[in-house]
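need a structure here:
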Amino acid sequence: MITRLDDYLVHQTPYPVAQPGPSDRNFYDRHWMNGFDAEGGYLFEIGFGLYPNRRVMDGHFSVAMGDHQWAFHGSRRAPKERQETVVGPLEIRVIEPLRRLQVVLAPNEQGIECDLRFTAHSAPHQEPENRMHDDGHLIMHNTRFTQMGRWEGHFTIDGRRFEVRQAHGTRDRSWGIRPVGEPQGGAPGLMNQEPGVYWVWSPIHFGDVATMFGTFEDREGRPTQVSADLLPLYDDPAAIPAQGEPGRVAMRNIRHAIAWHAGTRWAAGMTLSMEDGQGRGYEISMEPLLRFQMLGIGYTHATWGHGCWQGELVTEREEWDLRRVDPLAMEFIHTHQMVRARMGDREGLGTLETLVFGRHDPSGFKDFFDGAP
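Numbers count the residues shown, from 1 in each chain. Coordinates of the predicted model:
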């Protein structure tokens, strides 16, 4: 299984690059990216994943504008060459690692196209390692870095072209093990006797600095993982440090509170407070401007879930009227929202991700899918 990358000094296991070290069928390697304009007119997202032990590669491009969302989905048999990041008309190109990427969705029968170029404005920020067990079985163990940037280019929907000029955006790269694809057979896991997840994640671009926040909590609201950092932003990508994050400021005493829309699990706003190592306090408030349903790029999608076998090459189009979706249907609970944020005299733009299934006492959620009081 020798491929072109085997000619580089990049090996991390005794195996060829195309053969993952872990034999877990849920091993994955994934791009996620988003972009939005300052007025909240659109929010686009890209998801692109490789699942080598499932022999699947899939990709998604989705746009929310106003009360509507469109999505392109594609899936294929995974190639052996890791540099071949193409699913039908959708391609991810790494122009300059950690600095510039391009996403191209060529003309296709689904009527959704794009040519978008991402330029980094921060160093890649490595987030805390994620680990999760289900009754002693490791079901999540991954690494992720997040990076702020700007977008240029355009996207097209049914022949209508939208220009993208200096749009704010965030991307992440993650790899490792996480639940993907068709569910495993045999006896079901226990998930600590009570299924559920509480995940909140929010990167915010404040012009000269960015903030990063993420947390998992248990049913009582106790953090099982929490981190927040302040990062410098750079107007010139050439000024970004070649390695490491020398300007990173790690936060402590991190607390957040979400106001939920009644009868839903969609955030109506969030506040975040934290302190740096010298005890200086930071208070951030977030106001949602535009909602994006994450099933548009495969998350909690009944058909286009990540890593599911669709065929040798399959593409499809979907669209939703966001006013008519059921907020408590499982596939519509997971959202990203474009938010306007304030931190002291700074105003910024960013993303607020919420994914909450099951009981969560501080939010007032009592059952698996009930809405906020």
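
ok, then the element right after the helix or strand where residue 231 lies?
Assessed by DSSP states H and E, residue 231 sits inside strand 223-232. The helix or strand immediately downstream of strand 223-232 is strand 249-250, counting by DSSP H and E.

tell me the strands beside that following strand, with direction?
As defined by DSSP bridges, the strand partners of strand 249-250 come to strand 223-232 (antiparallel).

please point out which parts of the strand it pairs with sit buried.
By neighbour count on 16 or more other C-beta atoms under 10 Å, the buried set for strand 223-232 is 226-232. (Each C-beta comes from the backbone N, C-alpha and C, glycine too.)

redo those residues as TSV? Include distance to residue 17 and pLDDT.
Compiled in TSV, the buried residues of strand 223-232 are given as follows (distance: C-beta to C-beta, whole Å; pLDDT from 0 to 100):
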residue	distance to residue 17	pLDDT
226	34	96
227	30	97
228	35	98
229	31	97
230	36	97
231	31	97
232	33	97
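
nearest to residue 274, of the residues you listed?
Comparing these against residue 274 with C-beta to C-beta places residue 228 closest, at 4.9 Å.

the least confident helix or strand in the chain by mean pLDDT - contacts with which helices or strands?
In the chain, no helix or strand scores lower on mean pLDDT, DSSP states H and E than strand 130-134, which sits at a mean of 84. Judged by 3 or more C-beta pairs under 8 Å, 6 or more residues apart in numbering; DSSP states H and E, the packing partners of strand 130-134 are strand 137-157.

what do you get if the cut-off is 10 Å, keeping everything else the same?
strand 137-157, strand 160-177, strand 209-217, strand 223-232 (3 or more C-beta pairs under 10 Å, 6 or more residues apart in numbering; DSSP states H and E).

tell me the angle it makes with strand 209-217.
Going by axes from the mean of the first three to the mean of the last three C-alpha atoms, to 10 degrees, strand 130-134 is angled at 10 degrees with respect to strand 209-217.

partner strands of strand 130-134, parallel or antiparallel?
Applying DSSP bridges to the sheet, strand 130-134 is found paired with strand 137-157 (antiparallel).

now the angle from the strand it pairs with to strand 160-177?
Using the same axes, to 10 degrees: strand 137-157 against strand 160-177 is 170 degrees.

and strand 137-157, how far out from the chain's middle?
In terms of C-alpha atoms, centre = their mean, to the nearest Å, the centre of strand 137-157 is set 5 Å apart from its chain centre.

now it: buried residues?
Buried, per 16+ other C-beta under 10 Å, within strand 137-157: 139, 141-142, 144-153, 155-157.

what about that strand, average pLDDT?
Here strand 137-157 scores 94 as its mean pLDDT.

related to what we said a few turns ago, for the buried residues of strand 137-157, which one is nearest residue 182?
Nearest to residue 182 among the buried residues of strand 137-157 is residue 139, at 14.6 Å by C-beta to C-beta.
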